[in-house]
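*Asks:* fold the following, please.
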Amino acid sequence: MEAFDHLLGVEGGYVNDENDRGGKTRYGITEAVARSYDYEGPMSELPLNIAIVIYEELYWDVNKLDAIAEVNYDLAYQVFDAGVNTGTQRAGQWLQRSLNCFRRANRYEPLYEELKVDGYIGPVTVEAFETFAEYTNTDLLLTTFRALQAHLYITLCEGKDSQQKFMRGWIKRVQ
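*Replies:* Residues are numbered from 1 along each chain as shown. The predicted structure follows:
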């Protein structure tokens, strides 16, 4: 799948940076997550096939990204990437917040009810997205989502020398 290939290019191989909150990672998969999938070997040797299963189950499927990708692949990928980098719940909240901001779409009556911002991309969020997509260009959601993602990275780096070395890579993820 294109999303996994792209993400692997962003995440790279094995990393063990003392300033990285994720600790030991390979392909962006943390040691804790790999262990939860019964991987017992060294993180530097985590097989790609295990990483792909983890990405699909924990980061793509959990956020119903097939439904979003049918309409706007770039938005689905951005939610996927943000879920890997910042957590799926936060990525879900950003999508819900973005949808809430556009629910009137230049109309007197809202297109859908305001979403509960719980980070769970379930049937209600997917339905709101699909309704939004019928009336408005979904690239607006992508831009709004990216703004929320960039804001987090700025917040993480401001006044924190140990995190500033990650800023260039984080902002590239938003581009």
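
*Asks:* does Gly119 really touch Thr86, like I thought?
*Replies:* No: the pair Gly119 / Thr86 is not scored as a contact, 10.9 Å apart, by Cβ atoms under 8 Å. C-beta: built from backbone N, CA, C; applies to glycine.

*Asks:* give me the common contacts of those two.
*Replies:* Common neighbours of Gly119 and Thr86, counting by Cβ atoms under 8 Å, 6 or more residues apart in numbering, are absent.

*Asks:* would you state the strands of the protein in chain order?
*Replies:* 14-15, 25-26, 29-30 (DSSP state E).

*Asks:* report the central residue of the chain.
*Replies:* Ala82 (2.3 Å; Cα atoms, centre = their mean).

*Asks:* looks like that residue contacts Arg90 (just checking).
*Replies:* Yes: in this structure Ala82 lies within contact range of Arg90 using Cβ under 8 Å: 7.0 Å.

*Asks:* quick one, longest helix in this structure?
*Replies:* helix 139-157 (DSSP state H).

*Asks:* now for it, which elements pack on it?
*Replies:* Helix 139-157 sits against helix 73-86, helix 88-101, helix 161-164, helix 167-174, with contacts defined as 3 or more Cβ pairs under 8 Å, 6 or more residues apart in numbering; DSSP states H and E.

*Asks:* give me the mean pLDDT for the second one.
*Replies:* So the one you mean is helix 88-101. For helix 88-101, mean pLDDT rounds to 96.

*Asks:* ok, the residue nearest to the centre of the chain - contacts?
*Replies:* Arg90, Ala91, Trp94, Phe145, Gln149, Arg173.

*Asks:* go through these and say which is closest to Leu111.
*Replies:* Phe145 (17.6 Å; Cβ to Cβ).

*Asks:* ramachandran angles for the residue located most distally from the centre of the chain?
*Replies:* Outermost residue of the chain with respect to the C-alpha centroid, by Cα atoms, centre = their mean, is Tyr108; its distance is 31.6 Å. Torsion angles at Tyr108 (phi, psi; degrees, to the nearest 10) stand at phi -70, psi -40.
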